[in-house]
Structure formats: C-alpha cells, structure tokens
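*Asks:* what shape does this take:
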Amino acid sequence: MAELSEADEGKEVVRGDESVGRVVEVDHGTAYVDPDPGITETIKSKLGWGDRDDEDTYPLQEASIESVTDDQIRLEEEF
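*Replies:* Reported below is the predicted structural model:
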C-alpha cells in the first residue's frame, strides 16, 4: 500500500457500497476522516485546507485500507 499524502485529502472513504466519511487531512501518512462532513469541510479538504483539530475527525488505520483510487479510499470489508 502506498503511503497516503496531501493529494488524498478530500477523497471519499467507502466500505462496500457505503460512504463512511471524507479525508480532511493527511499528516505524516495518516489520513484523518470526518464521518459527516458538510459542504464547507468537503471544499476545504479538497483545497488542502483540512483541519483535524475538529473533535469529529478520526485517524484511518492503514491496515484497514483495501485500495486508493483517484477519488476514493476503499476500506476492507472486515473493517
């Protein structure tokens, strides 16, 4: 698995057919996910203006990632 970078900020995080949130920031290879981002948070993360100081963001465990595409981070089904 490739290390996540700032280029992954703003990507939707999905498990199966369900969206579980959006990456708001990537710091030292760790993605921080907001499970319920509003339009403002979504736009900010796509512009690289993410803010993980929000209490509603959670680190994404690299072991739970199945694949990374141009617009999504897909999680393992067992996660």
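
*Asks:* in terms of helices and strands, where is the spatially most central residue of the chain?
*Replies:* Taking Cα atoms, centre = their mean, the centroid of the chain lies closest to residue 23, which sits 2.4 Å from it. Using DSSP states H and E, residue 23 maps to strand 18-27.

*Asks:* tell me the buried residues in that strand?
*Replies:* Neighbour counts using 16 or more other Cβ atoms under 10 Å place 20-26 of strand 18-27 among the buried residues. Just so you know, the C-beta spots here come from the backbone N, C-alpha and C atoms, and that holds for glycine as well.

*Asks:* if we can go back for a sec, what residues are up against the residue nearest to the centre of the chain?
*Replies:* Counting by Cβ atoms under 8 Å, 6 or more residues apart in numbering, residue 23 makes contact with 4, 8-11, 13, 31-33, 45, 50, 60, 73.

*Asks:* partner strands of whichever helix or strand comes after the strand holding residue 23 and their direction?
*Replies:* Using DSSP H and E, the helix or strand that follows strand 18-27 in sequence is strand 30-34. Looking at strand 30-34 with DSSP bridges, its partner strands are strand 18-27 (antiparallel), strand 58-60 (antiparallel).

*Asks:* what's the offset of strand 30-34 from the middle of its chain?
*Replies:* Computed by Cα atoms, centre = their mean, to the nearest Å, the chain-centroid distance of strand 30-34 equals 5 Å.

*Asks:* same check, this time on stretch 27-37
*Replies:* On Cα atoms, centre = their mean, the centre of stretch 27-37 falls 4 Å from the chain's centre.

*Asks:* gap between residue 25 and residue 74?
*Replies:* Separation of residue 25 from residue 74 (Cβ to Cβ, to the nearest Å): 19 Å.

*Asks:* apart from its chain neighbours, what residue comes closest to residue 56?
*Replies:* residue 34 (5.9 Å; Cβ to Cβ, 6 or more residues apart in numbering).
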